[in-house]
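Colleague: give me coordinates for this.
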Amino acid sequence: MVVAIVIGRGGSKGFPGKNTYPLLGRPMMTYPILAAQNSRCVQGVYVSTDSPGIAEIADRMGVPILARPPELCTDSALGEDVFRHAFQTVRDSRLGAEGPFEAVVLLFCNSPTVLASTIDRAVEMLRLRPDADSVVTVSRYNMWSPLRARKVGDGGFLDPFIPFDRFPHGDGLSCDRDSQGDVWFADMGVSVVRPRCLDHLEEGLLPQKWMGRRILPLCQWGGLDVDYEWQIPQVEYWLRANGFSETATPYPPRGDEPSIRRVSTASAAHPHLARIRRVEDTSSEREGVVRLHRNEPGYSIPDGALAEMKELVTGGLIQTYPDVRNLKEKIARSELFGAPNLNPSQIVLTQGAEGAIRHAFELFVSPGDPVAFLEPTYAMVGVYADLFRVRPVPIPHGEDMGVDETAIRATLERRPRLLVLANPNSPTGAVLSADRLRSILEVAGRMGVAVLADEAYFLFCLETVLPDLDRFDNLLVCRTFSKAFGMPGLRAGFLAASPPIAPSASALRFGYESHSVALSWAEYLLDHPAIVREGVASVLAGKTYLESECARWGLRTYPTAANFSLIDAGDWGAKRLTEDLRERGFLVRSGFRQGPLARCIRVSAVPIPVMHRFVDALRQCLDDRKGGSVVAA
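Modeller: Numbering: from 1, shown residues only. You can find the predicted model right below:
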């Protein structure tokens, strides 16, 4: 049996009446009570108080009142003693006669930043860890770290509250609030404890001895217990962000709460999602145009091979659930991936590279966490930064749009929770050698930073750290079957994780990680690697031809290690050149905003026969621009 105990006094000196202070029109104490009443795991809720006002509100909400003895009604009474008395009262009076007590949920009337789902998660975590004494909610407040704490010393000057030599990595401390690493505070939102913690308070850790000694953290954001009136705006912000308003809560209506109705479906959605604006795909043209704007594969799978692939799509394949084991084993063995020591258990299949990027966010970040990535980079990285409400830490590109390794290292000093490195990057095409990336991984490992290497364009540059998963515990690598393998329409990819991360990554798998057509066709291409290698070679030949022609005409191109070229449109203007090429049946990409990219068009590489046609169209655009023939055919 799991019971919840909510405690609150009526005699607060710092903030009189805080426990019943109105938040969004409800007394503050109603929020932890609502969370306990709507928890799937809690079988009984009780309030311990000496205040008639608190008791009246609890009674209206159908919650039994536990009377306190006089010695627990003073300013000097400790919360841990109140919790112990309340639990022993419930147990001794057989109010919980339904069975043995498995856990006790401890809540405060002045800690409204708690949800029913948070209580349920905490109980489930405790059930999964029999070695733990408790699970408590914690919030990250790096700005209040011990590093910044001061005390008034001799002479009235400020001295460090804790000597700096007590800090690990003391030589790396600075005025940056994140330099000491993440600082987690028990925010008093939820403590789920085993009964033995209350029976043996003397064994618990200070200052909250009811938590015992082996304490598991349940990370959230913005949690706090209210002791001052100036905290009210933060609490109301948190409540609104979690589905509360003056007229609604995220919970079903209760008979004993006639004034509170269920939140509407629209307002129950996370409010930040409504502020995210996704760009709709308006480039779906396929007939009568050559698509060189999406970094699509460019080459065609040979007709004979495509016919054999189509024969794999049978009724039996479509009408049975997919089996992912064969593909994972082939990925682990394939010469195309260059990782002979990869274990299938380290692989999670995803919807292209973007699904792997999402898993990396799910693995490591919470709202407010710093996440670093190149700027610009693959657009979905920014989308996930918004979705997961992280704090973006953009890393600017270097000279001529190269990767600035110094800037990456400086960013790691700030200890982001996750570093996403597209290598090669898109849209710049810049690449780090595997050796340089390994040196960054070493620094990131010392800083406790997880790194996702997005190697979507690997086969166009052959720089990879996939074989290094066993070497770096902080490493994730993602690949896709969209680029070199010629299957962007099937949305297939995978995330590979270092052995320590792999079990957690596996927990994020969908029930079926991919669909049967994508699985069977990916397996076919892995069984026929020559198709992929020849396709990549034909695309790179077309890219080389285009860039050599641009050099002959005096058009500047930037070096890229992917399947596209960047051509500087100069005074002509990238937008104008894009429009002119479209009139001639070729779609290219422009509209970038950063540095030299703003002047560029991006052209996806294709084999030489198609590239000949594009070069002719580009030459015509140049001739029209100059008012006559400028270059020889």
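
Colleague: quick one, longest helix in this protein?
Modeller: The longest helix of the chain (DSSP state H) is helix 529-553.

Colleague: list the buried residues for stretch 358-378?
Modeller: Of the residues in stretch 358-378, 358-361, 363-378 count as buried by neighbour count, 16 or more other C-beta atoms under 10 Å. For glycine as for every other residue, the C-beta is placed from the backbone atoms N, C-alpha and C.

Colleague: ignore what I typed, I meant stretch 458-475.
Modeller: In stretch 458-475, counting by 16+ other C-beta under 10 Å, buried: 458-461, 463-466, 468-469, 472, 474-475.

Colleague: among the residues you listed, which two are most distant?
Modeller: With C-beta to C-beta as the measure, no two of these lie farther apart than 460 and 474, at 25.9 Å.

Colleague: which residues in the stretch 351-500 of the chain form helices?
Modeller: Residue ranges of the helices in the stretch 351-500 of the chain, as given by DSSP state H, counting those that start in this stretch, are 352-364, 379-387, 405-412, 434-447, 458-461.

Colleague: then the stretch 51-200 of the chain?
Modeller: So, for the stretch 51-200 of the chain - with DSSP H, counting those that start in this stretch - the helices run 52-60, 79-92, 116-128, 195-199.

Colleague: those into TSV, with extra columns for mean neighbour count and mean pLDDT?
Modeller: As requested, the helices of the stretch 51-200 of the chain are exported to TSV (neighbours: other C-beta atoms under 10 Å; pLDDT from 0 to 100):
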stretch	mean neighbour count	mean pLDDT
helix 52-60	17	92
helix 79-92	19	90
helix 116-128	19	92
helix 195-199	18	93
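
Colleague: how about the nearest residue to residue 368, chain neighbours excluded?
Modeller: In space, and not counting its chain neighbours, residue 368 is closest to residue 221: 5.0 Å by C-beta to C-beta, 6 or more residues apart in numbering.

Colleague: ok, residue 136 next?
Modeller: Leaving aside its sequence neighbours, residue 136 sits nearest to residue 191 (C-beta to C-beta, 6+ apart; 4.7 Å).

Colleague: what's around the one you found, how many residues?
Modeller: When neighbours are counted by other C-beta atoms under 10 Å, residue 191 registers 26.

Colleague: so for it, what's the pLDDT?
Modeller: Here the pLDDT value assigned to residue 191 is 95.

Colleague: in the sheet, who's paired with it?
Modeller: For residue 191, the beta-bridge partners under DSSP bridges are residue 106, residue 136.

Colleague: from residue 84, how far out is it?
Modeller: Distance, residue 191 to residue 84, using C-beta to C-beta, to the nearest Å: 13 Å.

Colleague: now do residue 569
Modeller: 74 Å.

Colleague: and for residue 363?
Modeller: Applying C-beta to C-beta to residue 363 and residue 84 gives a distance of 38 Å.

Colleague: equivalent analysis for residue 506, please.
Modeller: According to C-beta to C-beta, residue 506 and residue 84 sit 41 Å apart.

Colleague: over to residue 567?
Modeller: Distance, residue 567 to residue 84, using C-beta to C-beta: 74 Å.

Colleague: again, but for residue 43
Modeller: 20 Å.

Colleague: repeat for residue 571
Modeller: To residue 84, residue 571 is 79 Å away according to C-beta to C-beta.

Colleague: please apply the same query to residue 141.
Modeller: 28 Å.

Colleague: for residue 551, give me its contacts.
Modeller: Residues counted as contacts of residue 551 (C-beta atoms under 8 Å, 6 or more residues apart in numbering) are residue 557.

Colleague: just residue 309 next, same as before
Modeller: Going by C-beta under 8 Å, 6+ apart, residue 309 touches 301, 520-521, 524.

Colleague: then residue 326?
Modeller: The contact partners of residue 326, by C-beta under 8 Å, 6+ apart, come to 519, 523.

Colleague: pretty sure it sits in a strand.
Modeller: No. Residue 326: not assigned to a strand; according to DSSP: H, G, I helix; E, B strand; the rest coil it is helix.

Colleague: and it, what's its pLDDT?
Modeller: For residue 326, pLDDT reads 94.

Colleague: contacts for the helix or strand containing residue 575?
Modeller: In the assignment (DSSP states H and E), residue 575 maps to helix 574-583. Applying C-beta under 8 Å, 6+ apart, the contact partners of helix 574-583 are 289, 569, 587-592, 598-601, 617-618, 621, 624.

Colleague: could you list the buried residues of that helix?
Modeller: Neighbour counts over helix 574-583 (16+ other C-beta under 10 Å) mark 574, 577-578, 580-581 as buried.

Colleague: looking at those, spot the one nearest residue 70.
Modeller: Using C-beta to C-beta, these come closest to residue 70 at residue 574, 79.2 Å.

Colleague: rewinding a little: can you pull the residues that touch both of residue 191 and residue 84?
Modeller: Shared contacts of residue 191 and residue 84 (C-beta under 8 Å, 6+ apart): residue 210.

Colleague: can you tell me which of the contacts of helix 574-583 are buried?
Modeller: Buried by 16+ other C-beta under 10 Å: 569, 587-590, 592, 599-601, 617-618, 621, out of those.

Colleague: the residues you listed into JSON lines, with extra columns for distance to residue 545?
Modeller: Shown next, in JSON lines, are the buried ones among the contacts of helix 574-583 (distance: C-beta to C-beta, whole Å):
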{"residue": "569", "distance to residue 545": "19"}
{"residue": "587", "distance to residue 545": "19"}
{"residue": "588", "distance to residue 545": "16"}
{"residue": "589", "distance to residue 545": "19"}
{"residue": "590", "distance to residue 545": "21"}
{"residue": "592", "distance to residue 545": "24"}
{"residue": "599", "distance to residue 545": "22"}
{"residue": "600", "distance to residue 545": "19"}
{"residue": "601", "distance to residue 545": "17"}
{"residue": "617", "distance to residue 545": "14"}
{"residue": "618", "distance to residue 545": "12"}
{"residue": "621", "distance to residue 545": "17"}
